[in-house]
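Peer 1: With the input below, show me the fold.
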Amino acid sequence: MSGRVLSPNVSMPRPGSFVHFYNAGYSAPSFTTRGVTAAILAASFGAVGEVTTIRNPEEIVELIGPNEEAEKSFQAGTQVLHVVRVGSGGKTAKTTIGEIELETKHPTERKFNVSIRESLVPGTKDFILFEKQHLLERFDFESGSNETDELINLINERSKYLTAKKRESSGGGDEEIESMTANQSLTGGENPEVRAGDYAEIMNKLDKYAFMNLFTDVTDMQVHVSLQTYISRRFNEGLRCFGVVGEGLGVRFSERKANALSFDDFKIVYVGNGFLDEEGQTVEGSGAVAYVAGVSGSVDYRDSLTHKRVVGSTGIYSDLDIRQYDEAAKSGMLVFSESNEGSAMIDYGINTKTTFDENEDLGWNKIRRLRTRYELIDRLVGVSDGLIERGMDTNDDGRAQFIMEGNEVIQNMPGIDSGEIVLSTTNPPHGDSAWYEIINITDLDSVEKYHLNFGFRR
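Peer 2: Model (predicted):
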C-alpha cells in the first residue's frame, strides 16, 4: 500500500511509496517566567528582608504564614511565588519545657503552642506543635535519660518553625521531660514593624530572580510609584516584566481614575475594584491585585484576559455604573464586571498605557499584546545569545545566520502574523557588531468587540 509510514532506512520487499517523518530542527523556545510571580508582603513568618520561594499553595502557611494575597495569586494560576518579607525588627516567640528552650525561627505573632505526651508506642513520647487548633508538626522520640538531647536534635533537624537548645541555667545533665505538657504557648513574639518606605528599600532583593510580574500587599500610591520605578529599571536592564497595583473602593472613583492615568505605562496594571469569593467575602485592594497578578502572569501569552472569569467568584464588588466602566477603560484601569452567570470577570485586559509617542502603537495598551511582544523579544534574544555562544563569524554568512534562525522563530511563533529580520541599512556591520531591523511585525489581538447589525423583516 502506497504511503505506508515506516522507519527510515528499512528495505521493503515490494515496490511503492513509503513515508517517514522527523524533527527538522525547529522547536518553540520555553521561557520559565510564565507562571512566576514576585511579591513584597508584610508576612507573619519567614526571614525578614530575604526572598522565600513558594512552589505550592500548600507551602504558604509553612513558609510565610497565612496570607490572603499569596493564596489569591496561586488561586489565579501562579506556579512559583518569590516573596520578600518586608519590615524591620520584630521578636521571636519563646517558651521553656523542662531543660529545653524553644524559639520560633523568625519574628512572628503567630500563636504556637506545644504538647508533649506519652506515645502509643511503648518507650516513646510525642512532641506536637499546634497553631491554635491546627496540627503543624509531630515528632516521636525515645523516652529515657537522654531524651532531652534527642528532642533538641530532632527539633533542630526537622522542625520548619522552631529551634531548640538547653536552658543556660541547666546543669547540663541528662533529664527526662515531663510527659504531660499540654498546649504550652510560645509567647513574646512580635511581627516586624512595616513602613511604606520599607517596600522601596527592599525591592532590590529580587534583582537576581526572574519573574513575569510583581505586586505588594498595600494600596499606598507612594509604594506603587516605587514599584513602577523598580519595574522600569528591570525593564531597561533587559528583564521584561510588569507590575500590578491597585486601590479599593475606599478611594473615590475619581481619585482611582486619576491615579491609574498618572502611571500611563504599559508595564503597570492598575486594578480599580473587586469581586466576591466563593463564600461571598469581599476581595478588593491588595487581594484583587494579587489575583490579577496571578492570572495575568500565568495564562498563555495569547490569552486575552478580557471577560476572563474569576475562579470561584460569586459576584463583583464595585461602585461603578455603565458610564464609569467606560471611563475606567479610557483611564487604563482594569476592573471586574459581572458575567452573564453572575460571577465576576475581568472587564477589559488592559494596562495603564493611554498616550503613545512616535515609537509606540495602541497594541502596548493590551496585556495580551504586551505579553506577546515580550515573548517575541525573548525568543529572538535567545537566538542571538545562542549564536554568540556558537561563535558566528563576522562575515556575510555569519550575519545571515541570525536572519535565517530569527525569521524561522517569527514564522513559527503563534500570535505573530508577519514580520521579517533584515540587516540595518543605517548602521552597517562594523567590527564585532551587527545591527538588524525587525520590520513589519504584526502581533495578533483578540476579537473583543462584536458589532451586530440586525435587519428585521416586517
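
Peer 1: Please enumerate the helices of the stretch 1-150 of the chain.
Peer 2: 60-64, 68-76, 147-158 (DSSP state H, counting those that start in this stretch).

Peer 1: nearest to residue 47, of those?
Peer 2: Among the helices of the stretch 1-150 of the chain, the nearest to residue 47 by CB to CB is helix 60-64 (9.6 Å). For the C-beta atoms, the positions are set from N, CA and C on the backbone; glycine is no exception.

Peer 1: Who are the packing partners of that closest one?
Peer 2: strand 51-54, helix 68-76, strand 80-85 (3 or more CB pairs under 8 Å, 6 or more residues apart in numbering; DSSP states H and E).

Peer 1: which of those is buried the deepest?
Peer 2: Comparing these by mean neighbour count (mean count of other CB atoms under 10 Å), strand 80-85 ranks first with a mean of 26.

Peer 1: model confidence over that strand, on average?
Peer 2: Strand 80-85 shows a mean pLDDT of 98.

Peer 1: Would you mind pulling the contact partners of it?
Peer 2: Contacts to strand 80-85, defined as CB atoms under 8 Å, 6 or more residues apart in numbering, come from residues 35-43, 45-55, 63-64, 70, 73-74, 192, 202-203, 205-206, 209, 211.

Peer 1: which of those residues are buried?
Peer 2: Buried subset of the contacts of strand 80-85 (neighbour count, 16 or more other CB atoms under 10 Å): 35-43, 45-46, 48, 51-52, 54, 63-64, 70, 73-74, 192, 202-203, 205-206, 209, 211.

Peer 1: which one of the helices and strands packed on helix 60-64 lies closest to residue 279?
Peer 2: Of the helices and strands packed on helix 60-64, nearest to residue 279 by CB to CB is helix 68-76, at 12.6 Å.

Peer 1: which other helices and strands contact the closest one?
Peer 2: Checking 3+ CB pairs under 8 Å, 6+ apart, helix 68-76 ends up next to strand 36-41, helix 60-64, strand 80-85, helix 286-298.

Peer 1: how far is the third one from where the chain is centred?
Peer 2: Spelled out, that is strand 80-85. 8 Å (CA atoms, centre = their mean, to the nearest Å).

Peer 1: give me the low-pLDDT residue ranges for the stretch 51-200 of the chain?
Peer 2: For the stretch 51-200 of the chain, the stretches flagged by pLDDT under 70 are 169-180.

Peer 1: give me that answer again for 90
Peer 2: Counting by pLDDT under 90, the stretch 51-200 of the chain shows low-confidence ranges at 98-99, 117-124, 132-133, 141-148, 167-183.

Peer 1: how about the strands in it?
Peer 2: 51-54, 80-85, 94-97, 100-104, 112-118, 124-131, 134-142, 162-166, 181-185 (DSSP state E, counting those that start in this stretch).

Peer 1: Which elements pack onto the longest one?
Peer 2: The helices and strands touching strand 134-142, judged by 3+ CB pairs under 8 Å, 6+ apart, are strand 124-131, helix 147-158.

Peer 1: and that strand with strand 112-118, angle?
Peer 2: 40 degrees (axes from the mean of the first three to the mean of the last three CA atoms, to 10 degrees).

Peer 1: Could you do the last one as well?
Peer 2: Relative orientation of strand 181-185 and strand 112-118, computed by the same axes, to 10 degrees: 170 degrees.

Peer 1: Could you list every helix and strand in contact with strand 181-185?
Peer 2: So strand 181-185, by 3+ CB pairs under 8 Å, 6+ apart, packs with strand 94-97, strand 112-118.

Peer 1: quick revisit: looking at the strands of the stretch 51-200 of the chain, which is nearest to residue 398?
Peer 2: Of the strands of the stretch 51-200 of the chain, nearest to residue 398 by CB to CB is strand 80-85, at 37.5 Å.

Peer 1: The closest one vs helix 286-298, what angle?
Peer 2: Using the same axes, to 10 degrees: strand 80-85 against helix 286-298 is 140 degrees.

Peer 1: quick one, strand 80-85 and strand 36-41 angle?
Peer 2: Going by the same axes, to 10 degrees, strand 80-85 makes 20 degrees with strand 36-41.

Peer 1: tally of neighbours for the residue lying closest to residue 374 once chain neighbours are set aside?
Peer 2: With sequence-adjacent residues excluded and distances taken as CB to CB, 6 or more residues apart in numbering, residue 374 is closest to residue 240, at 4.3 Å. Look at residue 240: counted by other CB atoms under 10 Å, it has 19 neighbours.

Peer 1: Kindly provide the distance from residue 240 to residue 380.
Peer 2: 12 Å (CB to CB, to the nearest Å).

Peer 1: Give me the contacts around the helix or strand harbouring residue 372.
Peer 2: Assigned by DSSP states H and E, residue 372 belongs to helix 367-390. Contacts with helix 367-390, where a contact means CB under 8 Å, 6+ apart, come from 29, 31, 238, 240, 242, 266, 269, 296, 301-305, 349-351, 363-364, 401-402, 405-406, 409-410, 413, 415-416, 419, 421, 438, 441, 443-446.

Peer 1: SS state for residue 405?
Peer 2: Secondary structure, DSSP: H, G, I helix; E, B strand; the rest coil: residue 405 is helix.

Peer 1: quick revisit: possible to save the helices and strands packed on helix 60-64 as a markdown table with distance to residue 387?
Peer 2: Listed next are the helices and strands packed on helix 60-64 as a markdown table, based on distance: least, CB to CB, whole Å:
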| stretch | distance to residue 387 |
| --- | --- |
| strand 51-54 | 32 |
| helix 68-76 | 37 |
| strand 80-85 | 29 |
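
Peer 1: which one of the helices and strands packed on strand 134-142 has the most crowded surroundings?
Peer 2: Mean neighbour counts for the helices and strands packed on strand 134-142 (mean count of other CB under 10 Å) peak at strand 124-131, with a mean of 19.

Peer 1: returning to what we had before: of all the helices and strands packed on helix 68-76, which one is nearest residue 338?
Peer 2: Per CB to CB, nearest to residue 338 of the helices and strands packed on helix 68-76: helix 286-298, 14.8 Å.

Peer 1: which other helices and strands contact that closest one?
Peer 2: Using 3+ CB pairs under 8 Å, 6+ apart, helix 286-298 sits against strand 36-41, helix 68-76, strand 213-216, strand 242-246, strand 268-271, strand 274-276.
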